[in-house]
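J.: what's the 3D shape of this:
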Amino acid sequence: MYFLIVSLVLMLVLFKSVELGLLTVAALCYALLTFLEEVEVRAEVSRKVRPVRGTIPLEVEVTTEITYLGRRPVVALVEDALPPRTRVIRGANVAAAELRKGTKVVLSYVLKVENVGAYEIGPVKVYAFRSNSPSLTERIIGGVGRFIAWPKYDMKMKQLPMYYSKKTSLFGEFPLRKAGYGTEFHSLRQTMRVRDLKRVNWKATAKFGKIVVNEYVDERTIDTVLIVDYTKADVELPDGSLLKDHVATLASTISYHLVMRGNRIGAIIYERKRSWLRIGYGKRYFKLLTDLLSSAEPLYSAKQLSYIVSYLLTYISPKRSQVIVISPMLDEEILSTMHEIVGRGYSVLVLYPKLYAEEDDVALRYSALKQQLISAKVARYCPTFPWDVRHPVRAVFRRVYAWKRILRA
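T.: Residues are numbered from 1 along each chain as shown. Now for the predicted structure:
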C-alpha cells in the first residue's frame, strides 16, 4: 500500500500528468508481480522398468518420460531419484531442458544392482525457473517404479538332507505322504484287479495270459517349514555384501530344491513386516516365497521371535514337520526360540551364514565372535552348521552329510 502511494506521488511529480502516472504505476506493479511470481510446474510421468525381478547381479533398464503441461515455458533440471545401493552404468538419470507445453523429456539409463532387496525408482524431481524470475521452484511429481533383486540361489546342488526315499530320515522319523506313482520303473507284477489301466503292461499280459502291471518307485515327500530370522542382518561384510543377502540366498536355495522335487514347504520370516506363508508347493509358491525373502527388512531385536514362532508353527504346518532355522545368530533370543521348538517335538536343523572380518575391522570381528558363542549354545539343542559365505551353498550340505556318516557309524 505504501509502495503504491509513494509510486503514484513520484510519478505525478515527474510526469505532471495523472493518466501517465497511473499507467506507469500499473506497469511497475505488473513487472514486480511477474518478477516475484512462483514458477508453475505441471507434468505427467510414465516409467517402464525391465525386468521387474531377477537374480543378482542385476541390470535394470529404466525409461522415464516426462511430459510438460505448464502454460509458460521454463528452464528445468529433471532428475529421476535412484534407490540406495544402486549405480547407473549406462545413460543418465538427469537432464536439463527448456520446457514448453507438450515438451517431452526422456530419461533412459541402466541400473546395476548387487544387493538383494525390493527397490523403488522415483519420484521425479524437477528444479525449474524462468529467465525473468529469480525464484527457483522444486517439485516432486509422478509415482515410483518397483523391482525385486533375488538372491543367487545355488541350482547345481544334487542332494538335500530333506529329500527322502524311506521313512527314516536324516533328523528323525516322519510320516511321509505319496506324491504320485512315480516315474522310475521297479518291476512287473501279476494281479487280479486293476485300478488304473495306464499301469497295465499289455505286451506282458498277452505273453503270459494273465494281467501284468508295471510297478514304479513311489515318490515320497515331507512337509518342511523354514524359519528365517533377519535380526541384525544388516551387517556389511568386507566384500560389500550384506548379511541379509546371504540369509536370503541360503533360504531360497533350500526352498528351490524342495519345491522342484515336489515337497511342500512353509515359511515364517521374522523381519520388519513379520511375513509368513502356509504350507504350499509349486513354482508360483516358490516365486512368492522368494519375493518375501528378498524384500525382507532387518530388525534390531528378536524379543517377539519366540512368541511368533510358537504361535505360527502349529498353525501353518502339520505335526512333526521338518523345521529348518536360518538365522544370523547375533541375538540370544534365538536360544529361547530353539528351546520352544525342540520342546514341541519338532526335528530341527539350524544353518547360519558365518561372518568373517579383516584384522583392522574390530566391530565385525566382535560380531563374528558373538556369533560363534551363540551358535555354540544353540548346538546343545539341535544340529547346527555354519556356512562360509565365500563358498557355494552346497559346501554346508557336504558338512551335513559328513555328520550323517559319522552319526551312522
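J.: show me the shaky parts of the stretch 1-150 of the chain.
T.: Counting by pLDDT under 70, the stretch 1-150 of the chain has low-confidence residues at 1-39, 131-135.
J.: how about the helices in it?
T.: Taking DSSP state H, counting those that start in this stretch to define them, one finds helices in the stretch 1-150 of the chain at 2-15, 18-36.
J.: show me where the stretch 301-409 of the chain has strands.
T.: Taking DSSP state E, counting those that start in this stretch as the criterion, the stretch 301-409 of the chain contains strands spanning 322-326, 347-354, 384-388.
J.: what's the neighbour count on Thr103?
T.: Using other Cβ atoms under 10 Å, the number of residues around Thr103 comes to 17. All C-beta spots, glycine's among them, are computed from the backbone N, C-alpha and C.
J.: buried deepest among the strands of the stretch 301-409 of the chain, which one?
T.: Highest mean neighbour count of the strands of the stretch 301-409 of the chain: strand 322-326, a mean of 25 (counted as mean count of other Cβ atoms under 10 Å).
J.: hmm, who's touching that strand?
T.: 162, 169, 171, 174, 222-229, 247, 250-251, 254, 313, 334, 337-338, 341, 346-352 (Cβ atoms under 8 Å, 6 or more residues apart in numbering).
J.: again with stretch 291-303
T.: For stretch 291-303, the external contacting residues (Cβ under 8 Å, 6+ apart) are 53, 116-118, 148-151, 228-234, 244, 248, 251-252, 267, 269-273, 275, 277, 331, 333-334, 337.
J.: model confidence over it, on average?
T.: The average pLDDT for stretch 291-303 rounds to 87.
J.: span of it from start to end?
T.: Start-to-end span of stretch 291-303 (Cα to Cα, to the nearest Å) is 25 Å.
J.: re earlier: just the buried members of the contacts of stretch 291-303?
T.: Taking 16 or more other Cβ atoms under 10 Å as the criterion, what is buried in those is 53, 116-118, 148-151, 228-233, 244, 248, 251-252, 267, 269-271, 275, 277, 331, 333-334, 337.
J.: quick one on the thing from earlier: can you redo the strands of the stretch 301-409 of the chain as CSV with distance to Tyr109 and mean pLDDT?
T.: Below are these laid out as CSV (distance: least, Cβ to Cβ, whole Å; pLDDT from 0 to 100):
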stretch, distance to Tyr109, mean pLDDT
strand 322-326, 35, 89
strand 347-354, 33, 89
strand 384-388, 36, 89
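J.: right, and the ones you listed - which one's nearest Val88?
T.: Comparing the strands of the stretch 301-409 of the chain against Val88 with Cβ to Cβ, the closest turns out to be strand 347-354 (29.7 Å).
J.: what strands line up against the closest one, and which way round?
T.: strand 322-326 (parallel), strand 384-388 (parallel) (DSSP bridges).
J.: for those strands, which one sits closest to Thr63?
T.: strand 322-326 (37.4 Å).
J.: restricting to C-alpha, output that closest one in CSV.
T.: C-alpha atoms of strand 322-326 as CSV (Å, rounded to 0.1, in the frame of the first residue of the first chain):
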residue,chain,number,x,y,z
GLN,A,322,10.9,-80.9,9.4
VAL,A,323,11.9,-77.4,10.7
ILE,A,324,14.9,-75.6,9.2
VAL,A,325,16.1,-72.5,11.1
ILE,A,326,18.2,-69.9,9.2
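J.: any idea how far that strand is from the chain center?
T.: Here strand 322-326 is found 20 Å from its chain centre; the criterion is Cα atoms, centre = their mean, to the nearest Å.
J.: what does stretch 265-283 give?
T.: Computed by Cα atoms, centre = their mean, the separation of stretch 265-283 from the middle of its chain amounts to 13 Å.
J.: and what of stretch 307-322?
T.: On Cα atoms, centre = their mean, the centre of stretch 307-322 falls 24 Å from the chain's centre.
J.: begin at 22 from now on, thanks
T.: Done: numbering now begins at 22, and the last item shifts to stretch 328-343.
J.: list the buried residues of it.
T.: Residues Ile329, Val330, Leu333, Leu334, Ile337, Ser338, Arg341, Ser342, Gln343 are the ones in stretch 328-343 that count as buried (16+ other Cβ under 10 Å).
J.: what do you get for stretch 276-288?
T.: The neighbour-count check on stretch 276-288 (16+ other Cβ under 10 Å) flags Ser276, Tyr277, His278, Leu279, Val280, Asn284, Arg285, Ile286, Gly287, Ala288 as buried.
J.: distance-wise, check Asp312 relative to Ile169.
T.: When Cβ to Cβ, to the nearest Å is the yardstick, Asp312 and Ile169 sit 6 Å from each other.
J.: so what sits against both of those two?
T.: With contacts defined as Cβ under 8 Å, 6+ apart, the residues shared by Asp312 and Ile169 are Arg74, Ala139.
J.: is it true that Arg74 touches Trp171?
T.: Yes. Counting by Cβ atoms under 8 Å, Arg74 touches Trp171, with 6.1 Å between them.
J.: ok, back up a step: tell me which of the buried residues of stretch 276-288 fall in helices.
T.: Ser276, Tyr277, His278, Leu279, Val280 (DSSP state H).
J.: so which of those residues comes closest to Leu390?
T.: Ser276 (30.5 Å).
J.: am I right that the closest one is in contact with Leu309?
T.: No. Counting by Cβ under 8 Å, Ser276 sits too far from Leu309 to count as a contact (10.4 Å).
J.: ok, back up a step: turn the strands of the stretch 322-430 of the chain into CSV, including distance to Arg121.
T.: Shown next, in CSV, are those (distance: least, Cβ to Cβ, whole Å):
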stretch, distance to Arg121
strand 343-347, 56
strand 368-375, 55
strand 405-409, 58
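J.: closest one to Tyr89 among those?
T.: Within the strands of the stretch 322-430 of the chain, the stretch nearest Tyr89 is strand 368-375; the backing value is 49.0 Å (Cβ to Cβ).
J.: outside of that closest one itself, list whatever touches it.
T.: 182, 190, 192-193, 195, 264, 267-268, 271, 341, 343-350, 359, 362-363, 389, 392, 396, 399-400, 402-410, 417, 421.
J.: same check on stretch 141-154?
T.: Stretch 141-154 has contacts (Cβ under 8 Å, 6+ apart) with 55-58, 60, 62, 64, 66, 68, 70, 83, 85, 87, 93-104, 120, 132, 156-168.
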